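K.L.:
Can you look at this prediction? I've put the sequence above it.
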Amino acid sequence: MKKLALVAVVALLGLVVFAATQLTLFVIQPIGMLPEGRTVLILRGDKNLNFIDSADAICERVSGGVSLICRSAALSAAINDTKILLRMPYSATLYGISTGGREYDR
């Protein structure tokens with residue numbers, strides 16, 4: 001019984017490490033082309049993304065602010081050429097986590 005519990009803990013730890021290093025919950029804020037917004041689980045690959053990220057958060061990190069052009073470029077760079085594993089509804093909570101609690105205009 002102890003061996004089974006140890007195997008389960010090690011497997012769970014491995015799964016958590018894999019998710020934290022290889023997956024991203026990418027939040028797409030409601031915008032004109034996608035008025036209801038979306039949250040997608042994607043493979044991170046070699047992209048410099050956080051576990052919970054958004055186009056607005058990327059713009060803030062890279063350029064120090066958010067603009068429509070930057071938002072579009074960041075969204076395209078994050079989503080294109082990757083595998084979307086799961087599509088979910090928009091999450092304002094995850095968006096807030098990605099931006100450190102800041103909200104930007106649509």
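P.N.:
That came through fine. Worth saying up front: this structure is predicted, and the values here are computed from it rather than measured.
K.L.:
which residues touch the lowest-mean-pLDDT helix or strand in the chain?
P.N.:
Of the helices and strands making up the chain, the lowest-confidence element is helix 2-22, at a mean of 89, by mean pLDDT, DSSP states H and E. If you take CB atoms under 8 Å, 6 or more residues apart in numbering as the criterion, helix 2-22 is touched by 43-44, 51. Glycine gets a C-beta too; all of them are placed from N, C-alpha and C.
K.L.:
Buried ones in stretch 71-80, by neighbour count?
P.N.:
By 16 or more other CB atoms under 10 Å, the buried positions in stretch 71-80 come out as 71, 73-75, 78-79.
K.L.:
what do you get for stretch 57-71?
P.N.:
57-60, 66, 70-71.
K.L.:
closest to residue 34 among the residues you listed?
P.N.:
residue 71 (11.8 Å; CB to CB).
K.L.:
Report the contact partners of the most centrally placed residue in the chain.
P.N.:
Residue closest to the mean C-alpha point of the chain, counted by CA atoms, centre = their mean, is residue 26 at 2.5 Å. Residues near residue 26 by CB under 8 Å, 6+ apart: 39-42, 49, 53-54, 78-79.
K.L.:
In JSON lines: those residues, plus pLDDT.
P.N.:
Shown next, in JSON lines, are those (pLDDT from 0 to 100):
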{"residue": "39", "pLDDT": "96"}
{"residue": "40", "pLDDT": "96"}
{"residue": "41", "pLDDT": "96"}
{"residue": "42", "pLDDT": "95"}
{"residue": "49", "pLDDT": "93"}
{"residue": "53", "pLDDT": "96"}
{"residue": "54", "pLDDT": "96"}
{"residue": "78", "pLDDT": "91"}
{"residue": "79", "pLDDT": "88"}
